[in-house]
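*Asks:* I need the structure of the sequence given here:
(3 chains)
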Amino acid sequence: MPTNAYGNIPVSSRINRLGAFYPLLTARWLGLGRVWARFRTSGTTPVLLPRDRAGHGPAVGREAVGATIKTMPFSLARVLAGLLALAPVFALPLAKPAEAKDELVIGMTQFPATFHPSIDSMLAKTYVLSMARRPLTMHDARWELGCMICVSLPTIENGGAVPETIPDGKKGVAVTFTFRPGLKWGDGTPLTSRDVAFTLEVGRHPQTGVSNQEFYRSLYKVDAKSDDTFTLHFDKLTFDYNAVNDMGLLPVHLEEKPFRADPAAYKNRTLYDTDTANPGLYYGPYRIAEVTAGSHVVLVPNDTWPGAKPRFKRVVVRVIENTAALEANLLSGAIDMIAGELGLTVDQAVAFAKRHGERFNVIFKPSLVYEHLEPNLENPILRDKRVRQALLHALDRETIVQQLFAGHQPVAHTGVNPLDWIHNPEVRKYPYDPKRAAALLDEAGWSVMRGGFRHNAKGERLSFELATTAGNRTREAVQQVLQSQWRAVGADARIKNQPARVFFGETVRKRTFPGFAMFAWYSAPENVPRTILHSSHIPTEANNFAGQNYTGYANPEMDRLIDAIEVELNREKRRALWKRFQDIYAEDLPSLPLFFRADAFVLPKWLAGVEPTGHQGVSTLWIENWRVQK
Amino acid sequence: MTRFLATRALQSALVLAVMSFAVYGLMGLMPGDPIDLMIAADPKLTPEDANRLRALHGLNRPILARYADWLWLALQGDFGYSRLMSRPVPDAIGPALLNTLKLMGAAFALALLIGLPAGMLAGARPRSRLDYAVNALAFAGISIPSFWLGILLIIVFAVLLGVLPAGGVAIGGGGWTETLRHLALPVATLAVAGIAGQARYMRAAMAETLRQDYIRTARAKGAGETRVVLGHALRNALIPVATVIALDFGALFSGALVTETIFAYPGMGRLIYDAVMGNDFNLALVALLFATLITLVANLLADVTYVALDPRVSFEERDA
Amino acid sequence: MSATASLSSTRPRPFAALWLPVARRFVRHRAAVWSLGALGVLALLALAAPLVAAAFGVDPAAADLAGRFRPPSLAHPLGTDELGRDVLVRLLFGARVSLAVGFAAAIATALLGTAIGLVAGYFGGWLDAVLMRVTDGVIALPLLPLLIVLAAVDPAKLGLPSAWAEAETASLYRVVIIVAALGWTTVARLVRATALALRERPFVLAARAQGATPWRIMRVHVLPNLASPIVVATTLSAGHVILLESVLSFLGLGIQPPTPSWGNLLANAQELVWSAPLLAVYPGLLIFVTVVAFNFVGDGLQDALDPRAIRD
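*Replies:* Just a heads-up that it's a prediction; the model follows:
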């Protein structure tokens, strides 16, 4: 028989049992001889048989495998081709052309525990619900307060808000809102002041489980002027009197029944959880159509929405808790985008952008999340202001941000975010200056160097603990860097991490951390940090650990400033007060500022209109502006 | 037989009771409560709100009192409300259980369909190449970390080749093909360990059985290899393997946490984990007790199977 | 010497006579021998980890932000990780932790199981019944969910002093304790069955007749005969424990960073699997090789120590 270059019997003229060849040889080799023999005697001899070592007839057994391997490149491709051709079930197309995009699949890392607007504050819930409902007012991407479903923003200047004296003599304010025309719940019922009154009733009831009852305590009365105009009466006059961002309106025509039946059991009976797909619960551009617990939520357009019509006929929110799997789903096309608010970490997104920048847009938006170090001011070492200032000078925060976050998370100088209008860029800063740090530490009495670490005259070492949440890779990385940078100036930071539950639930809350606690505060535009910095909010055994002033900071001037800022209505006067606030903060350093975290939005090239805000206003609040671009 | 079943039923009830108390107590030893996590996420939550919410959810009462309440209600059939999933506990467990049954059932079936024959063939030919191959593959299968394998499969099939979804469940319609496609990779991940395990047990049992004297007799009498293996050895080898299968059956209902996390599959494993981590006492307790109950039933099945298959053993001797 | 004395197993038998046939049978299993070799090499490397670190001039805990994700080079044979730490050195230190936890947990499990099984099997009666019911109860519990519950417990609430709870090695002890607490049942059942069988053997009866206390009988007569099944079970469970530790670390409940262990190196790396896939391959491969090796060695030991071959 003629042979080809490999010494094989040629293939061209015969039927090639490609699919059967390799398994058969393997079977023969493994000793399942009968299988081989049956195949051979039926006369359908495979053609592509390598020769054995002597050059005769077909090789068998070990020789066959060896010879086969030698010819692998030639036939393996054919085998693969054969296998692929035999697998029609896998041939379903996954990538959809951009023009036909009717469905948007969003990936995020957490599933909402409940869908009720006011019970349980969860970012995942806010993200999903913001497609289906809107608050009265909200700060936009430029951090300016505006109306979402009201006609115009009521202010004292335009008469929409009227200061008044309330029955017990304090100063309050009456704010009047008018709904924009055409707002209807998904089942056609119009949105009216009765819904507002009902929402207030539910919010003020002590047993309904509503989260931010402080808001509802302060809002003590609602007057319905007409179906679409109502007045809210607050019992205090603060500068944010017209920012009603958190009032989750409830449909009285649906929710009244479960509420009246038993208010204490309302949170178990609310239709938001028992009948989540009920159209009458939503009045936004979308409504929730289907929920699979733990997996996904499907939203479809709401026909009753009077505003701009949304582009996508279906929005699916898929929840994938594991970020590596989230990326895999994105790359395979199972999801189209990753929500920035609850998605990849910044360094994962940076790596992603490097590899897939042509297929996806990665937007980094610095947010209000303020990552910082809180010292326990009971610790005598950290109580000394000079030590705190020195330790901050010893940190090269710019390099950390550049190396770990590719510069996307801006260095913080106080707790006030640069995007906030009250931000004062002239505040005292602490650039990386180890010499200055050393001088300050010497001045504070830590001048004796022994074994690489500073000691004071009493022989005590400059040593303290650095605690944060375990399992958070980014924080642990930052910790390692802080530790080595402090070691360079002679300070010994001992790393002690705990799981988030322990850390927040016990250690921080009860102020049992002996040194620094590293974590983040979420806040809001122009948020007055009363509970964090006011001396009346220090958690102690006596007040059952209420309050969030975990450092134990007590500065009478700061207390006075906080009280004054809250009630100062004049913007310019307030700006001056905030300037003094930031100056004191930068001088006293009740916390050591690190940086503001950023959210990473991973969007496909064909999606436009997504505007991250950087504050608590999630990007889905403007989902009707998202569109497909070529 | 009835006496045996009665004593086992009593024991099972005792185990469940002890387990419920132990788990309730252990969860009470967990740090923090969900209200504290809420505080960290919402700056506007005042301390008064926090204390009020704690009182509302009953989190400030001593653990024994809470357990007693729970027990009393549970015995009446009211398993309470799941805080984490905002629905009654049975409604929360139902869909997850169904998903887990699909996933683990498919993996279990594959393990039996592929592992048993492979083990049988390998055991029938000790020290042959088939035996070495099956043995090596089985060792590999039980030694591979499942999340490593899962991610590997995702990379190859979902990202590089793009033929199978990287996880999750089918949305809306789609029917059988969609469900099967979404199940393919997680089932493959689980089946590897399952097949390997069953193959090893079967191989060992088969090899052991074939060493017996009665097999030698059968061969001496002239029976062909097929008849010896399939007719005599298989039946006897299946006895210990059947008990193992029955025990594995118990795992069908506790789900596979790691695989479900990687593939974002909403099953019982993730449910239990989320409930425990989220301090959702009601859900965690009921889910764990359910898993325990099934394992107890599986153990009972294993014992009954053993007695049923092996005429030399009876219930009275079982305890010895 | 009377006939009774010759039946007693208190006369020491020559070491070689006992163990040489075992060794010979073991050596016949090539896979087991290779595996034992591999484990030995790994153990040596793990013990020598600080020396290797010193030789390279590398501090395994030092972060070097400028040198993240470096490719392999002479200074860093396997490259650097996300914080600039040398991967090889971290793998070796991880080996110390993982292997230590594996051995410790396996031995703890064996000790606990042997104690319970021995007591149950030897004394019999109601003690046996109670212990067996307890064993059945523990076997009935679902393993991973309970491990999670146990691992999530806050040691401070248990009343343990916080110095203990926050020590770097606390998480190691915790893993060993909870794995042993749930894994002792296999060994217990094994030991009990053997003890029951041995209880009726002539040499035990003779020792009882001579007035030996139960403890002495258990220690001197019964325990040595249990050695083989216990050794095999321990070896096999060591591999299982290493896998369990990696799963617990994946869930964040095992060994806590910055202490490296293969499990948490793997868990760390799977977040980065797209940018630095090799960081995930190395620890996974090491876990795989180690577990396979333990399984092969256990298998080989099982064949070599086959009780039917050690007959009087």
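
*Asks:* Please count neighbours and contacts with C-alpha atoms only from this point.
*Replies:* Noted.

*Asks:* For the stretch 51-200 of chain B, just list every one of the strands.
*Replies:* For the stretch 51-200 of chain B, applying DSSP state E, counting those that start in this stretch gives strands covering B:81-82, B:87-88.

*Asks:* In CSV, list those strands along with distance to C:Gln270.
*Replies:* Compiled in CSV, the strands of the stretch 51-200 of chain B are given as follows (distance: least, Cα to Cα, whole Å):
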stretch, distance to C:Gln270
strand B:81-82, 31
strand B:87-88, 33
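
*Asks:* buried set for stretch A:413-424?
*Replies:* Applying a neighbour-count criterion of 16 or more other Cα atoms under 10 Å in any protein chain shown, one finds A:His413, A:Thr414, A:Gly415, A:Val416, A:Asn417, A:Pro418, A:Leu419, A:Asp420, A:Ile422, A:His423, A:Asn424 buried in stretch A:413-424.

*Asks:* could the strands of the stretch 51-200 of chain B go into JSON lines alongside mean pLDDT and distance to chain A?
*Replies:* Below are those laid out as JSON lines (pLDDT from 0 to 100; distance: least, Cα to the nearest Cα, whole Å):
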{"stretch": "strand B:81-82", "mean pLDDT": "85", "distance to chain A": "7"}
{"stretch": "strand B:87-88", "mean pLDDT": "88", "distance to chain A": "7"}
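
*Asks:* Including mean neighbour count, could those strands go into CSV?
*Replies:* As requested, the strands of the stretch 51-200 of chain B are arranged in CSV below (neighbours: other Cα atoms under 10 Å in any protein chain shown):
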stretch, mean neighbour count
strand B:81-82, 20
strand B:87-88, 20
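
*Asks:* out of those strands, nearest to A:Ala293?
*Replies:* Set against A:Ala293 and scored by Cα to Cα, the strands of the stretch 51-200 of chain B come closest in strand B:87-88, at 10.1 Å.

*Asks:* gap between the strand or helix carrying C:Ala207 and the chain center?
*Replies:* In this assignment (DSSP states H and E), C:Ala207 forms part of helix C:202-209. Distance, stretch centre to chain centre, for helix C:202-209: 34 Å (Cα atoms, centre = their mean, to the nearest Å).

*Asks:* can you give me the mean pLDDT across that helix?
*Replies:* Averaged across helix C:202-209, the pLDDT comes to 84.

*Asks:* go on, stretch C:284-296?
*Replies:* Average pLDDT, stretch C:284-296: 89.

*Asks:* tell me which residues of that stretch are tucked away?
*Replies:* Neighbour counts over stretch C:284-296 (16+ other Cα under 10 Å) mark C:Gly284, C:Leu285, C:Ile287, C:Phe288, C:Val289, C:Thr290, C:Val291, C:Val292, C:Ala293, C:Phe294, C:Asn295, C:Phe296 as buried.

*Asks:* Check stretch B:241-253 too.
*Replies:* Residues of stretch B:241-253 classed as buried by neighbour count (16+ other Cα under 10 Å): B:241-253.

*Asks:* Low-confidence ranges, the stretch 201-312 of chain C, go.
*Replies:* Under the criterion pLDDT under 70, the flagged ranges of the stretch 201-312 of chain C are C:306-312.

*Asks:* Pull up the residues of it that are close to chain A.
*Replies:* Counting by Cα under 8 Å from any Cα of the partner chain, the positions of the stretch 201-312 of chain C adjacent to chain A are C:Gly252, C:Gln256, C:Pro257, C:Pro258, C:Asn268, C:Gln270, C:Glu271, C:Leu272, C:Val273, C:Trp274, C:Ser275.

*Asks:* Give me the buried entries from the residues you listed.
*Replies:* C:Gly252, C:Gln256, C:Pro257, C:Pro258, C:Asn268, C:Gln270, C:Glu271, C:Leu272, C:Val273, C:Trp274, C:Ser275.

*Asks:* now the residue in chain C that chain A sits nearest to: how far from C:Ala95?
*Replies:* Among the residues of chain C, C:Glu271 lies nearest to chain A; the distance is 5.2 Å by Cα to the nearest Cα. Plainly put, C:Glu271 is 21 Å away from C:Ala95 if you go by Cα to Cα, to the nearest Å.

*Asks:* cool, B:Asn282 as well?
*Replies:* 40 Å.

*Asks:* same deal with B:Leu101?
*Replies:* Taking Cα to Cα as the measure, B:Leu101 falls 37 Å from C:Ala95.

*Asks:* Same question for A:Arg436.
*Replies:* Distance check for A:Arg436 against C:Ala95: by Cα to Cα, it reads 43 Å.

*Asks:* Compare these two (neighbour count), which wins?
*Replies:* Set side by side, A:Arg436 and C:Ala95 show more neighbours around C:Ala95, with 26 against 17, by other Cα atoms under 10 Å in any protein chain shown.

*Asks:* With adjacent residues omitted, what lies nearest to the more buried one?
*Replies:* Spatial nearest neighbour of C:Ala95, excluding adjacent residues (Cα to Cα, 6 or more residues apart in numbering or on different chains): C:Ala46 at 5.4 Å.

*Asks:* Touching, the one you found and C:Leu92? I think so.
*Replies:* Yes: judged on Cα atoms under 8 Å, C:Ala46 makes contact with C:Leu92 at a distance of 5.3 Å.

*Asks:* which of the two has more neighbours?
*Replies:* Neighbours per residue, other Cα under 10 Å: of C:Ala46 and C:Leu92, the larger number sits with C:Leu92, 26 against 23.

*Asks:* give the contact list for that one.
*Replies:* By Cα atoms under 8 Å, 6 or more residues apart in numbering or on different chains, the contact set of C:Leu92 is C:Leu45, C:Ala46, C:Ala49.

*Asks:* So which of these belong to helices?
*Replies:* Counting by DSSP state H, the contacts of C:Leu92 place C:Leu45, C:Ala46, C:Ala49 in helices.

*Asks:* Would you reformat the buried residues of stretch B:241-253 as JSON lines and include distance to A:Met337, pLDDT and secondary structure?
*Replies:* JSON lines is the format used below for the buried residues of stretch B:241-253 (distance: Cα to Cα, whole Å; pLDDT from 0 to 100; DSSP: H, G, I helix; E, B strand; the rest coil):
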{"residue": "B:Val241", "distance to A:Met337": "48", "pLDDT": "82", "secondary structure": "helix"}
{"residue": "B:Ala242", "distance to A:Met337": "48", "pLDDT": "80", "secondary structure": "helix"}
{"residue": "B:Thr243", "distance to A:Met337": "48", "pLDDT": "75", "secondary structure": "helix"}
{"residue": "B:Val244", "distance to A:Met337": "45", "pLDDT": "78", "secondary structure": "helix"}
{"residue": "B:Ile245", "distance to A:Met337": "43", "pLDDT": "82", "secondary structure": "helix"}
{"residue": "B:Ala246", "distance to A:Met337": "44", "pLDDT": "77", "secondary structure": "helix"}
{"residue": "B:Leu247", "distance to A:Met337": "43", "pLDDT": "72", "secondary structure": "helix"}
{"residue": "B:Asp248", "distance to A:Met337": "39", "pLDDT": "76", "secondary structure": "helix"}
{"residue": "B:Phe249", "distance to A:Met337": "39", "pLDDT": "76", "secondary structure": "helix"}
{"residue": "B:Gly250", "distance to A:Met337": "39", "pLDDT": "70", "secondary structure": "helix"}
{"residue": "B:Ala251", "distance to A:Met337": "36", "pLDDT": "68", "secondary structure": "helix"}
{"residue": "B:Leu252", "distance to A:Met337": "34", "pLDDT": "70", "secondary structure": "coil"}
{"residue": "B:Phe253", "distance to A:Met337": "34", "pLDDT": "71", "secondary structure": "coil"}
